[in-house]
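Novice: After the sequence you'll find the predicted model.
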Amino acid sequence: MNKTIVIGLIESWLHFTACTEEQVTSTIIGVGVGIGAIANDRDRHERHQELDRYIFI
């Protein structure tokens, strides 16, 4: 294995283990909020399309 790859893996592992639980939790919450916002936008878009159908009929 290449030395730089091994060093990179060790550094990333050290960085990961150095992260506090709070940081990990906030990241997970942030991702969850982002997914929720995307889902809401999609629902809103579908509702608007339905309303448009009713308006034009």
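Specialist: Structure's in. What do you need?

Novice: which stretches of this structure have low pLDDT?
Specialist: Judged against pLDDT under 70, the low-scoring parts of the chain cover residues 1, 13-24, 48, 51-57.

Novice: ok, which stretches of it are helices?
Specialist: When secondary structure is read from DSSP state H, the chain shows helices at 3-18, 21-56.

Novice: Can you report how many residues neighbour residue 5?
Specialist: With neighbours defined by other Cβ atoms under 10 Å, the count for residue 5 comes to 9. (Glycine included, C-beta is placed from N, CA and C.)

Novice: same question, residue 49
Specialist: As a burial measure, residue 49 scores 9 neighbours (other Cβ under 10 Å).

Novice: where's it relative to residue 4, distance?
Specialist: With distances defined as Cβ to Cβ, to the nearest Å, the gap from residue 49 to residue 4 amounts to 51 Å.

Novice: and what of residue 44?
Specialist: 47 Å.

Novice: Please apply the same query to residue 50.
Specialist: From residue 50 to residue 4 the distance is 55 Å (Cβ to Cβ).

Novice: Please apply the same query to residue 10.
Specialist: With distances taken as Cβ to Cβ, residue 10 is found 11 Å from residue 4.

Novice: Repeat that for residue 35.
Specialist: 35 Å.

Novice: just residue 45 next, same as before
Specialist: For residue 45 relative to residue 4 (Cβ to Cβ), the value is 46 Å.

Novice: next one: residue 40
Specialist: Plainly put, residue 40 is 43 Å away from residue 4 if you go by Cβ to Cβ.

Novice: same check, this time on residue 37
Specialist: Relative to residue 4, residue 37 is positioned 38 Å away (criterion: Cβ to Cβ).

Novice: Same check on residue 32?
Specialist: 35 Å.

Novice: Residue 38 too?
Specialist: Residue 38 is 37 Å from residue 4, by Cβ to Cβ.

Novice: ditto for residue 12
Specialist: The gap separating residue 12 from residue 4 is 12 Å, by Cβ to Cβ.

Novice: Kindly report the same for residue 31.
Specialist: Using Cβ to Cβ, one gets 30 Å for the distance from residue 31 to residue 4.
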